[in-house]
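[1] okay, structure incoming, though there's no sequence with it:
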């Protein structure tokens, strides 16, 4: 997901997106540990997307203060 798309979302939507991605990340890690993960690049992509969302949330919180 692009950062520009994420900046258009509200803080509540970003929090929901973060929780959703973190849940998916746990599932992907579980699949990797059990050897069921086909697309290993998905793990890296999810980690980076979570970081993007958290960074934009922090930016928005900084702008609110």
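    Right, received. Where do you want to start? Here the structure is a predicted model, which is why all the values come from computation and not from measurement.
[2] element containing the spatially most central residue of the chain, please.
    Residue closest to the average C-alpha location in the chain (C-alpha atoms, centre = their mean): residue 50, at 2.4 Å. Counting by DSSP states H and E, the element that carries residue 50 is helix 41-64.
[3] and for residue 18?
    Element membership of residue 18, judged by DSSP H and E, is helix 11-33.
[4] quick one: that helix to helix 41-64, angle?
    Calculated by axes from the mean of the first three to the mean of the last three C-alpha atoms, to 10 degrees, helix 11-33 forms an angle of 160 degrees with helix 41-64.
[5] 23 is where my numbering starts, stick with that
    Sounds good: first residue 23 from here, last item helix 33-55.
[6] residues near residue 70, how many?
    Number of residues near residue 70 (other C-beta atoms under 10 Å) recorded here: 11. No exception for glycine: its C-beta is placed from N, CA and C like everyone else's.
[7] what's the separation between it and residue 56?
    23 Å (C-beta to C-beta, to the nearest Å).
[8] so which residues make contact with stretch 39-47?
    28, 31, 65, 68, 69, 71, 72, 75, 76, 79 (C-beta atoms under 8 Å, 6 or more residues apart in numbering).
[9] of these, keep whichever come out buried.
    Among the contacts of stretch 39-47, those classed as buried by 16 or more other C-beta atoms under 10 Å are 28, 31, 68, 71, 72, 75, 79.
[10] closest one of those residues to residue 38?
    residue 31 (9.0 Å; C-beta to C-beta).
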